[in-house]
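>>> A predicted structure for the sequence below; I have some questions about it.
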Amino acid sequence: MLAYIVWALCGCIFFALGISAFVSKKPVGFYANIKEPPKVTDVRAYNRAVGTLWTVCGAVFILLGLPLLAGQNSPLVLISIFGVVFECIALIAVYVCIEQKYRGRH
């Protein structure tokens, strides 16, 4: 139970990233090591797309943690582990599409 609570709190962090992207006036960066956010043509639509990406990622992350409630030493935990790997790959792929769509032609 404690493991799922910690897992869900991490998912809530993704939700918080999404909400902060929704309300931001400047283009948001994807992760912490970006020196400057990309130059985008429509900041509001770009932030909305990135915010949606992070909130959906948070919801899927929390759902992937449900097998942790099955008990200790359950093989269902493999669903959580492999699901997060595929979720990370999908997150990166979708963000690349979002950035290409809204990138400015400067």
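Now that the structure is in, tell me what you want to look at.
>>> Just give the nearest non-adjacent residue to the spatially most central residue of the chain, would you?
Central residue of the chain (C-alpha atoms, centre = their mean): residue 54, 3.4 Å from the mean position. Spatial nearest neighbour of residue 54, chain neighbours left out: residue 18 (3.4 Å); criterion: C-beta to C-beta, 6 or more residues apart in numbering. To be clear about C-beta, it is placed using only N, CA and C from the backbone, and glycine gets the same treatment.
>>> again, but for residue 50
residue 21 (4.7 Å).
>>> pLDDT score for that neighbour?
According to the prediction, residue 21 has pLDDT 90.
>>> The one 5 residues further on now?
pLDDT for residue 26: 86.
>>> For my notes, confirm it occurs in a strand.
No - judged by DSSP: H, G, I helix; E, B strand; the rest coil, residue 26 forms no part of a strand; its state is coil.
>>> For the longest helix along the chain, name the packing helices and strands.
Longest helix in the chain, counting residues (DSSP state H): helix 77-102. The contact analysis (3 or more C-beta pairs under 8 Å, 6 or more residues apart in numbering; DSSP states H and E) places helix 77-102 against helix 43-64.
>>> And the helix it packs on, what's buried?
For helix 43-64, the neighbour count (16 or more other C-beta atoms under 10 Å) marks 43, 46-47, 49-51, 53-58, 60-62, 64 as buried.
>>> residues touching the residue nearest to residue 54, list them.
50-58 (C-beta atoms under 8 Å, 6 or more residues apart in numbering).
>>> where does it fall, helix, sheet strand or coil?
From three-state DSSP, the assignment for residue 18 is helix.
>>> Distance of it relative to residue 53?
Going from residue 18 to residue 53 by C-beta to C-beta, to the nearest Å gives 7 Å.
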